[in-house]
Structure formats: structure tokens, C-alpha cells
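J.: Structure for this input, please:
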Amino acid sequence: EDRSTQPGTQVSVAEAAPGPVAAPSEAARDFSSEYTTPLADLVASLGVSLLVSTYQSGHLIVVRHDGRGLNTHFERHEKPMGMAADRQRLVIGTRRELREYYNVPALGARIAATPRRDAVYALRNVHVTGDIDVHEIAIGSAGVWYVNTLFSCLCLLEPNYSFNPAWRPPFVSGYAPEDRCHLNGLALVDGEPRWLTALGTTDTPQGWRANKRDGGVLLHHPSGDVVVGGLSMPHSPRWHGGRLWLLESGKGALCTVDIRRGEVTEVVRVPGFTRGLDFAGDYAFIGLSQLREANAFKDIPVTEAGGDRACGVWVVHLPSGRVAGWLRFRGRVQEIFAVQALPAI
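T.: The predicted model follows:
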């Protein structure tokens, strides 16, 4: 185990429950992490790195294997939320901006005294959206799509406008900064928007809060039809392996959806509020958050269940539905929004 007391300390944990460790410094406690050894081995064998956004503490966390174990690097941003990335580009939604980075691998050789770099993302464009509560982002055939939660709509990045509303749910009567249904999640299929999640079908300012326990819906794009209702705070719809997946955050669950029948099947429950989902091979990487006591997280199944709720990334083996490992954050990092896997990086 690495018991260093520097900021960003990582502690390798061989078993599911960590044993006692040496008391870290105050700085180490603020931003530290621990992980199971199987997770480090899995990240290395899959050849991936992870990006994790935490708007609550204001960081983008880069998780990568450094040859000995997992390294977690904390990069400061103002309220980072949704993001989308591939080998060429990274887009991050922050409090008032969409920030576009492009991979310039040659820059890696110019960074002194560092190990080998597979990718170096350099900032190229900053698009000012204003404070619209950007949630999920996806890079599609037409460009960068993003969910404008405050105005209850789906937007396509357009340089001439702060935001360009391209679609809104049919039950929302107009554009207003009122977070009427808490539209939040976006899944593309073949480069086009296909599925979105919302916490309600309401058309009043923050109307979704009254029935957040089981008022969530999965919406079809472009029709706006409700494919599945009765969901507990759904987030992060994803099309993977010919199936639709989503998180029922209020239950702490990873689920699959039978689109034709409108049926939801729970795959596994994990110890936290689930939000942020990506895949690599046969594995799902799921973001977990602890829960604030006095806000929208109250009065939902995951809070009523009690017990220790974690903040971090849990990994599930899809064929078996078993947890394959986890990365847990300590200190100031208590809530996760997005998890993005970077393949072959």
C-alpha cells in the first residue's frame, strides 16, 4: 500500500473492505482515494483510463494505471458536470461554459520529467453558454449535443448562440430557466440522439421535485414518447452491446431496459446514489455519490435503506452482475456526476 501523505494520495486495497492505514495529513485527507487491487489490474488489462467529474468539489479526476497501481490526478474546474471524450477530443461542461480539448500527443514529449504519455488534451475552444446547468454531453454525427437542464431542452453546440435549443419534451410548453422536468441524461445510437432521461413529466418550475421518488421517465427522441415511467431518479442512459442501460439513481441500481416491452430489469445495486456510467468490454464503470441531507436526495429508497454510502467508481462484470472492484474517494469529494472511459489510453 502507498501510504504517502501528499495530496492526491492513493491507497491500494486488496480486499473489499480496507484495513487500517496510517493517519494521513490534512491535505491528503481532503483529496485521497483507495481502491481494490482487482480494479487496478482490470484497468491495466483493459488498457483504459477514466475521467471522473465532481461538480461538488470542483474537479476533473484522471484515473490511470502508473505501472504500480492506480493514480488519481485532480484537475481543478468550475463545477464540471457532463463530458464526452474519444481519442481525438474531450468536451467538458462547466458552470458557464463548454470547454473543448484536442489530443496533441506530441506535447507529451515536451513535458519534462514525466512518464510516457498516451494522450495530452490541450484546451482549444471555450464556448460560453451562461449558467444553464449543463448535464450530459455526447459527440454525435452533427456535432456536440448537450442537455440544458435549466431550460428543459436538448441543445446542439452552435458558435453563434449561447445555446441552440434543438428539441424539448412535448410536455414542456416553452423555454424558461425553471428546470421544469430535470431533463438530465442522453444516449446516442449511431451518432444520433435516441434516448433521454428526466425526473418527471412536469411543466412547472422544479415541478419534478414533488414526485422524485418514482416519477422519473425514459424518453424517446425525437418523438418524445415516454418509453418507461415510474423510475426512481433515472440518469445516464447508454446504448451498449445492442442493449439500453440506465441508472436508477434513487435505488442505487444499474438496469437494462427492454424497449419493446417497456420493462426495466435490475442488474445490481451498489452502495450509493448512482450517476455517471460508461463501459469497456464486459465491464460497466458506475459513479457513486454520498447523499446530502437537505435537498433533492431525501426520501428516496437509497436514503431509506441506511448504511454506509460511498463516493467513487464501482465496476460491475456485466455477464455475472457481480462487483469486480471499486475506487473510493475520501475527504472533500462526496458527489460524482460523470464517468468516462478512454479506450487505448
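
J.: Going by neighbour count, which residues of the longest strand seen in the chain are buried?
T.: Assignment by DSSP state E gives strand 322-331 as the longest strand of the chain. Neighbour counts over strand 322-331 (16 or more other CB atoms under 10 Å) mark 323, 324, 325, 326, 327, 328, 329, 330, 331 as buried. In short, each C-beta sits where N, CA and C put it, glycine included.

J.: before we move on, what about stretch 178-193?
T.: Quick answer for stretch 178-193 (16+ other CB under 10 Å): 178, 179, 180, 181, 182, 183, 184, 185, 186, 187, 188, 193.

J.: Just to check, the first one is in contact with residue 203?
T.: Going back to what we said before, that points to residue 178. No. With contact defined as CB atoms under 8 Å, residue 178 and residue 203 do not form a contacting pair (9.2 Å).

J.: how about the helices of this protein, start to end?
T.: 26-30, 37-46, 301-304 (DSSP state H).

J.: And the last one, what does it pack against?
T.: This points to helix 301-304. With contacts defined as 3 or more CB pairs under 8 Å, 6 or more residues apart in numbering; DSSP states H and E, helix 301-304 has no packing partner among the helices and strands.

J.: For it, give the mean pLDDT please.
T.: Mean per-residue pLDDT for helix 301-304: 78.

J.: got a list of contacts for it?
T.: The contact list for helix 301-304, computed with CB atoms under 8 Å, 6 or more residues apart in numbering, reads 213, 232, 249, 250, 251, 252, 272, 273, 291, 297, 309.

J.: Closest one of those to residue 111?
T.: residue 272 (34.8 Å; CB to CB).

J.: quick one on the thing from earlier: among the helices of the chain, which comes closest to residue 339?
T.: Among the helices of the chain, helix 37-46 sits nearest to residue 339 (CB to CB), with 12.6 Å.

J.: got a list of what the closest residue to residue 120 other than its chain neighbours touches?
T.: Computed as CB to CB, 6 or more residues apart in numbering, the closest residue to residue 120 that is not its neighbour in sequence is residue 107, at 4.2 Å. Residue 107 makes contacts with 117, 120, 122, as judged by CB under 8 Å, 6+ apart.

J.: Any idea how many residues pack against the second one?
T.: Using other CB atoms under 10 Å, residue 120 is surrounded by 16 other residues.

J.: cool, the last one as well?
T.: Residue 122 is surrounded by 10 other residues when neighbours are defined as other CB under 10 Å.

J.: Now for it: which residues touch it?
T.: So residue 122 contacts 101, 102, 103, 104, 107 (CB under 8 Å, 6+ apart).

J.: beta partners for it?
T.: For residue 122, the beta-bridge partners are residue 102 (DSSP bridges).

J.: That one and residue 97: what is the separation?
T.: 16 Å (CB to CB, to the nearest Å).

J.: Alpha carbons of stretch 209-219, in PDB - could you do that?
T.: Output in PDB follows, covering the C-alpha atoms of stretch 209-219 (Å, rounded to 0.1, in the frame of the first residue of the first chain):
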ATOM      1  CA  ARG A 209     -39.400  17.500  -7.000                       C
ATOM      2  CA  ALA A 210     -42.900  16.700  -5.800                       C
ATOM      3  CA  ASN A 211     -42.700  13.100  -7.200                       C
ATOM      4  CA  LYS A 212     -39.000  12.500  -7.400                       C
ATOM      5  CA  ARG A 213     -39.200   9.100  -5.700                       C
ATOM      6  CA  ASP A 214     -40.800   7.300  -8.700                       C
ATOM      7  CA  GLY A 215     -41.800  10.000 -11.200                       C
ATOM      8  CA  GLY A 216     -38.700   9.500 -13.500                       C
ATOM      9  CA  VAL A 217     -39.100   8.700 -17.200                       C
ATOM     10  CA  LEU A 218     -37.100   7.400 -20.200                       C
ATOM     11  CA  LEU A 219     -38.000   9.400 -23.300                       C
END
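
J.: If you count neighbours, what's buried in it?
T.: 212, 215, 216, 217, 218, 219.

J.: Would you tell me which one of those comes nearest to residue 46?
T.: Once CB to CB is applied, the member of those that ends up nearest residue 46 is residue 218, at 28.3 Å.

J.: Could you give the bridge partners of that closest one?
T.: Under the criterion used (DSSP bridges), residue 218 bridges to residue 197, residue 228.

J.: I'd guessed it sits against residue 224; true?
T.: No. The criterion here is CB under 8 Å, and residue 218 misses it with residue 224 at 11.4 Å.

J.: where does residue 186 land on pLDDT?
T.: Residue 186 is given a pLDDT of 98.

J.: Find the nearest non-adjacent residue to it, please.
T.: Per CB to CB, 6+ apart, closest to residue 186 is residue 136, 4.4 Å.

J.: That neighbour and residue 200, how far apart?
T.: 17 Å.

J.: just to revisit the earlier point, and the contacts of helix 301-304, which of them are buried?
T.: 232, 249, 250, 251, 252, 272, 273, 291, 297, 309.

J.: Which of those residues fall within strands?
T.: residue 273.
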